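Visitor: Mind looking at a prediction? Sequence and model below.
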Amino acid sequence: MPLLGPDEPAPFETVREHGRSPWVLLCDHASRRIPRSLSDLGLSEEARSSHIAWDIGARGVSLRLSEALDAPLVACGYSRLVIDANRPLGVASSIPAVSCEIPVPGNVGLTAEDEAERARAIFMPYHAEVERLLAMRTARKQPSVLLSMHSFTPELYGKQRPWHVGVLSGKDRRLAEVLLAELAKENDWTVGDNEPYRVSDVSDYAVPVHGEQAGRLAVLIELRQDLVATPVMEQAMADRWLPILERALPSLL
């Protein structure tokens with residue numbers, strides 16, 4: 001049976017595809033939506049609304065930056081619990097049976113066909129849309145500098161996380177170094193350099209595949225969720241990032 005019904009939303013949302021900015025925004029964990037065919041994955045409403053299902057605030061900040069920068073944005077339309085758009089297919093965290101110590105009953109005992117259908121319906125169309133957009137920009141001789149927008153919990157497994165924002169990079173540190181230098185001027189922020197996570201080929205997809213393997217500058221940005229928990233806070237975060245990105249751009253092009 002198809003994962004998505006014909007009346008359900010698309011697996012991706014594209015905003016300002018003809019944006020003139022060199023910045024291109026991706027939001028892999030933008031939505032907590034679960035396809036009707038999967039019901040609630042066996043989870044409570046509280047769990048389905050929590051950070052295990054999506055990156056709280058990431059879509060809102062991304063939309064505001066997209067508007068302010070005139071930058072394209074591609075956002076995944078379904079929850080990371082259905083299939084994680086920022087994980088290589090086949091790894092355990094791609095379709096997690098447990099997330100942050102919370103069991104996900106609807107992800108237990110899946111067949112190879114079940115997993116393939118989730119990839120076919122959501123993961124592949126989302127990343128095909130990212131590649132379509134980037135290829136179109138390349139054909140137009142527009143540079144593309146990628147920001148993969150995420151958010152993280154202030155506390156995990158009982159440990160406080162002191163960073164306000166994080167800049168995550170893999171093998172290519174060029175963009176990260178420029179942004180970290182600009183962020184160092186924000187005296188009231190504690191900035192994580194590959195904190196609270198780090199990018200790798202086995203734990204991430206967007207930066208390694210759309211960025212490094214394609215020769216594009218790319219980083220993953222992490223925003224602490226208590227700083228982006230409301231629309232007003234999302235706007236304030238976007239306002240803080242806007243001059244940082246504008247100052248960084250000349251040295252990148």
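Guide: Perfect, I can see it now. Bear in mind that the values here come from a model prediction, so they are computed numbers and not experimental data.

Visitor: so what secondary structure elements neighbour the longest helix anywhere in the chain?
Guide: When the chain is parsed with DSSP state H, its longest helix is helix 231-252. Applying 3 or more CB pairs under 8 Å, 6 or more residues apart in numbering; DSSP states H and E, we find helix 231-252 packed against helix 58-69, strand 145-152, helix 174-183. All C-beta atoms are positioned from the backbone trio N, CA, C, and that covers glycine.

Visitor: What is the second one packed up against?
Guide: Identification of packing neighbours for strand 145-152 by 3+ CB pairs under 8 Å, 6+ apart yields strand 23-27, helix 58-69, strand 218-224, helix 231-252.

Visitor: One more pass at 10 Å, please.
Guide: strand 23-27, helix 58-69, strand 73-76, helix 124-139, strand 165-168, helix 174-183, strand 218-224, helix 231-252 (3 or more CB pairs under 10 Å, 6 or more residues apart in numbering; DSSP states H and E).

Visitor: Dump these to JSON lines, plus mean pLDDT.
Guide: Formatted as JSON lines, the helices and strands packed on strand 145-152 follow (pLDDT from 0 to 100):
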{"stretch": "strand 23-27", "mean pLDDT": "98"}
{"stretch": "helix 58-69", "mean pLDDT": "98"}
{"stretch": "strand 73-76", "mean pLDDT": "98"}
{"stretch": "helix 124-139", "mean pLDDT": "98"}
{"stretch": "strand 165-168", "mean pLDDT": "98"}
{"stretch": "helix 174-183", "mean pLDDT": "97"}
{"stretch": "strand 218-224", "mean pLDDT": "98"}
{"stretch": "helix 231-252", "mean pLDDT": "96"}
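
Visitor: What does the closest residue to residue 121 other than its chain neighbours show for phi and psi?
Guide: With sequence-adjacent residues excluded and distances taken as CB to CB, 6 or more residues apart in numbering, residue 121 is closest to residue 3, at 4.0 Å. Note on residue 3: its backbone torsions stand at phi -70, psi -40 [degrees, to the nearest 10].
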